[in-house]
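Chemist: The sequence isn't on hand, but the structure is:
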């Protein structure tokens, strides 16, 4: 725990976990994952015959037994195993304020580096042709900018600059901001979407509904900032929902499942037989930029990668796909097509 971190107010352990997660501004998704694994750890240890014990009374033997079970009995993937370990690290360091050096030495499985699935430009065009409405607009936006799914969903009105044709991606992965291009061909459709969002915002203000979610520190300083037009979602949900953290009924952004379902439906209609997810649009964006001759550093900045080695994976796709390496079969005398 860092010096200056305020003491926890909650009495129950899981409430303390929530309190610390929210103080550190972790996402709701991370909060749910950490709570799940911490609860799982406590209950699994209880089922081993020792009864319910507080994590403070457990140590290296219990954590190693739990992680071994994850790897051997549950056959957990590397990412799942690491997520469970991260939850326990957070519990001991940030909540219980117990420094356990042995946790740093616990083995972490290495994730397999896989070549990303990439669509050709023709496949992208065919896929987008099978989509319509707001999901088609979102798919075009993600492919045209390289944004991640939730970066597109959480886009705010104030972060779209039509004059300079740029979009500011706020608090992306790693808590960093970055700037991406706004495709000129997409500007008219985005302007129409902004008009639709404006009508929704005006209806919410007229009905005196709660404002949209904003960063906690900003909301503390300016309680009404969530009611302003600039902070409204570019892609608002058509329905209201209860904020799971504040309990306030407000308008969320469009749920990501809507685009995921639309894309899944469009893939077979486009005659595509590769594995395709929303993230494939981002992979294709990066690959097509490199194919067009843009340098790796430019692509790295647009993607928001902290390390260029992460971006380099797309060069592996190009080495063979671009025909840079000839097969020895093609050099044999008398080879015919």
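Modeler: Done, it's in. No experiment lies behind these values; they were computed from the predicted model shown.
Chemist: which residues touch residue 249?
Modeler: The neighbours of residue 249, taking Cβ atoms under 8 Å, 6 or more residues apart in numbering as the test, are 209-210, 240-243. (Each C-beta comes from the backbone N, C-alpha and C, glycine too.)
Chemist: Compute the distance between it and residue 210, please.
Modeler: From residue 249 across to residue 210, the span is 6 Å (Cβ to Cβ, to the nearest Å).
Chemist: likewise residue 65?
Modeler: According to Cβ to Cβ, residue 65 and residue 210 sit 46 Å apart.
Chemist: Phi and psi next, for residue 249.
Modeler: phi -80, psi 120 (degrees, to the nearest 10).
Chemist: distance of it from residue 240?
Modeler: In terms of Cβ to Cβ, residue 249 sits 5 Å off from residue 240.
Chemist: which residues are in contact with both of the two?
Modeler: residue 209.
Chemist: sorry, back to before: so of the contacts of residue 249, which ones are in strands?
Modeler: Cross-referencing these against strands under DSSP state E gives 240-242.
Chemist: Now the residues you listed in a markdown table, please, with extra columns for distance to residue 139 and pLDDT.
Modeler: Shown next, in a markdown table, are the ones in strands among the contacts of residue 249 (distance: Cβ to Cβ, whole Å; pLDDT from 0 to 100):
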| residue | distance to residue 139 | pLDDT |
| --- | --- | --- |
| 240 | 25 | 93 |
| 241 | 23 | 91 |
| 242 | 29 | 89 |
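Chemist: The nearest residue to residue 185 once chain neighbours are set aside: what's it in contact with?
Modeler: Excluding the flanking residues, the one nearest residue 185 by Cβ to Cβ, 6 or more residues apart in numbering is residue 144, at 7.8 Å. Shown in contact with residue 144 (Cβ under 8 Å, 6+ apart): 181, 183, 185-186, 285.
Chemist: Most neighbours out of the residues you listed, which is it?
Modeler: Sorting the contacts of residue 144 by how many neighbours each has (other Cβ atoms under 10 Å) puts residue 285 first, at 23 neighbours.
Chemist: picking that back up, closest one to residue 262 out of the ones in strands among the contacts of residue 249, please.
Modeler: For these, the minimum distance to residue 262 (Cβ to Cβ) is 20.0 Å, reached by residue 241.
Chemist: The closest one contacts residue 248, doesn't it?
Modeler: No. Using Cβ atoms under 8 Å, residue 241 is not in contact with residue 248, being 10.0 Å away.
Chemist: count of residues packed around residue 92?
Modeler: Neighbour count of residue 92, defined by other Cβ under 10 Å: 19.
Chemist: Report the separation between residue 68 and residue 57.
Modeler: 20 Å.
Chemist: okay, these two: which has more neighbours?
Modeler: Neighbours of residue 68 and residue 57, each counted by other Cβ under 10 Å, are more numerous for residue 68; the result is 11 against 8.
Chemist: how close does that one get to residue 61?
Modeler: 11 Å.
Chemist: Go ahead and list the helix or strand containing the closest residue to residue 63 other than its chain neighbours.
Modeler: Sequence neighbours aside, residue 88 is the residue nearest to residue 63 in space, at 5.9 Å (criterion: Cβ to Cβ, 6+ apart). Using DSSP states H and E, residue 88 maps to helix 78-90.
Chemist: other SSEs contacting that helix?
Modeler: Applying 3 or more Cβ pairs under 8 Å, 6 or more residues apart in numbering; DSSP states H and E, we find helix 78-90 packed against helix 13-23, helix 28-45, helix 60-72.
Chemist: Point to the residue nearest the middle of this protein.
Modeler: A centroid search over the chain (Cα atoms, centre = their mean) returns residue 150, at 5.5 Å, as the residue closest to the centre.
Chemist: what's the neighbour count on the closest residue to that residue other than its chain neighbours?
Modeler: Distances taken as Cβ to Cβ, 6+ apart place residue 256 nearest to residue 150, at 6.5 Å, with adjacent residues excluded. Using other Cβ under 10 Å, residue 256 is surrounded by 15 other residues.
Chemist: For the helix with the most length in the chain, could you pull out the residues that count as buried?
Modeler: As assigned by DSSP state H, the longest helix anywhere in the chain is helix 187-206. Across helix 187-206, burial judged by 16 or more other Cβ atoms under 10 Å covers 190, 193-194, 197, 201, 204.
Chemist: Likewise for stretch 260-275?
Modeler: Applying 16+ other Cβ under 10 Å to stretch 260-275 flags 262-263, 266-267, 270, 272 as buried.
Chemist: Please narrow those to those residing in helices.
Modeler: 262-263, 266-267.
Chemist: Which helix or strand contains the residue nearest to residue 286 when sequence neighbours are not counted?
Modeler: Nearest residue to residue 286, sequence neighbours excluded (Cβ to Cβ, 6+ apart): residue 314, at 4.7 Å. For residue 314, the enclosing helix or strand under DSSP H and E is helix 313-321.
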